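S.K.: next input, structure requested:
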Amino acid sequence: MLYYMIKGGGNIKIEGKNYRFGDGDIIFLNPQEMFCCRIDSNIYHERIVLHLNEDILEGFPKECGKLLSPFTNHKKGENNCINAKTVSKYRLDLIIRDIFILSKRAGSHNEVLTLCKTAELLGCLCEIFESKNDTDLIKSTDHPTVNRILEYLNGNYTKQLTVDIIAREFNLDKSYMSHLFKEHVGISLWNYVIFRRISYFNSLIKNGLTIDEASHRAGFNNYSNFFRLYKKHTGITPMEYKKSP
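M.R.: Have a look, this model is predicted:
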């Protein structure tokens, strides 16, 4: 997902990192990153949000797959925001507006033009991140303890976990730990675990596993509990997701 803030500002928490963004800035996220966004409600805001499917470059030469690397290869919660000066320098604002306009027009020729503009956008993003110029990016703030908890959760979310187990791992009071985590990540600690498991389940399903196999591998050991949580957090059933394109 790519989020272009035309006008306005706010804060976004991505995997424990907090970013302040404003007019002309761009935020981008891969499907595995957990985030919580708050827009400043006291000022007018306008934005364009692009959702990019993983197969968007299907049909392009195979080497074009590397154009998705800014989304797929960056470490979770790091280097997610590009400042307005860089956006303007690389004409990303104009490219995004072109994509938005073309996507609203009917006709196969407009679909082709939209794909070409999207490839151009991805190419510019690659150039920005390959340059390794820190001045192109918006700096984040984070919390060392929360980062350690996130690292632990990302490596262990498929295992048998409880809030008590996690608190003992870090020698923290579980109420304090839960409050600290939600303050810096934007969602509760346990919902983070559930979202991680659901995301992994979805990837396993798309790779051909059965619902039962995928749910167990993702860390859900009780199917009825898994079904309830999946429907609650996604709005659809696991079977509906499996049958989706």
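
S.K.: now the helix ranked longest in the chain: average pLDDT?
M.R.: Of all the elements of type helix in the chain, the one with the most residues (DSSP state H) is helix 108-131. Averaged across helix 108-131, pLDDT comes to 85.

S.K.: okay, buried residues for it please.
M.R.: Of the residues in helix 108-131, those with enough neighbours to count as buried (16 or more other Cβ atoms under 10 Å) are 113-115, 117-118, 120-122, 124-126, 128-129. The C-beta positions use only the backbone N, C-alpha and C, and glycine is treated the same way.

S.K.: now swap in stretch 74-82 and tell me
M.R.: Of the residues in stretch 74-82, those buried by neighbour count under the rule 16+ other Cβ under 10 Å are 74, 76-77, 79-82.

S.K.: swap in stretch 166-184?
M.R.: Applying a neighbour-count criterion of 16+ other Cβ under 10 Å, one finds 166-167, 172, 174, 177-178, 180-182, 184 buried in stretch 166-184.

S.K.: with stretch 91-99 instead?
M.R.: Within stretch 91-99, the residues that count as buried by 16+ other Cβ under 10 Å are 92-93, 95-96, 98-99.

S.K.: sitting in helices, which of these do you find?
M.R.: Among the buried residues of stretch 91-99, the ones falling in helices (DSSP H) are 92-93, 95-96, 98-99.

S.K.: would you turn the residues you listed into JSON lines with distance to Pro238 and pLDDT?
M.R.: What follows is those, written out as JSON lines (distance: Cβ to Cβ, whole Å; pLDDT from 0 to 100):
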{"residue": "Leu92", "distance to Pro238": "37", "pLDDT": "90"}
{"residue": "Asp93", "distance to Pro238": "39", "pLDDT": "91"}
{"residue": "Ile95", "distance to Pro238": "37", "pLDDT": "91"}
{"residue": "Ile96", "distance to Pro238": "34", "pLDDT": "91"}
{"residue": "Asp98", "distance to Pro238": "38", "pLDDT": "91"}
{"residue": "Ile99", "distance to Pro238": "33", "pLDDT": "88"}
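
S.K.: I'd assumed Cys36 was in a strand, is it?
M.R.: Yes: Cys36 forms part of a strand when assessed by DSSP: H, G, I helix; E, B strand; the rest coil.

S.K.: ok, what's across the strand from it?
M.R.: Beta-bridge partners for Cys36, by DSSP bridges, are Lys13.

S.K.: as JSON lines, the buried residues of stretch 74-82 with pLDDT and distance to Phe201 would be great.
M.R.: Output for these, formatted as JSON lines (pLDDT from 0 to 100; distance: Cβ to Cβ, whole Å):
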{"residue": "His74", "pLDDT": "76", "distance to Phe201": "23"}
{"residue": "Lys76", "pLDDT": "78", "distance to Phe201": "18"}
{"residue": "Gly77", "pLDDT": "78", "distance to Phe201": "22"}
{"residue": "Asn79", "pLDDT": "82", "distance to Phe201": "27"}
{"residue": "Asn80", "pLDDT": "86", "distance to Phe201": "24"}
{"residue": "Cys81", "pLDDT": "88", "distance to Phe201": "29"}
{"residue": "Ile82", "pLDDT": "89", "distance to Phe201": "31"}
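
S.K.: nearest to Lys17, of these?
M.R.: Proximity of the buried residues of stretch 74-82 to Lys17, judged by Cβ to Cβ, is greatest for Gly77, which lies at 4.2 Å.

S.K.: got TSV for the buried residues of stretch 91-99, with distance to Arg196 too?
M.R.: What follows is these, written out as TSV (distance: Cβ to Cβ, whole Å):
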residue	distance to Arg196
Leu92	30
Asp93	33
Ile95	32
Ile96	30
Asp98	35
Ile99	30
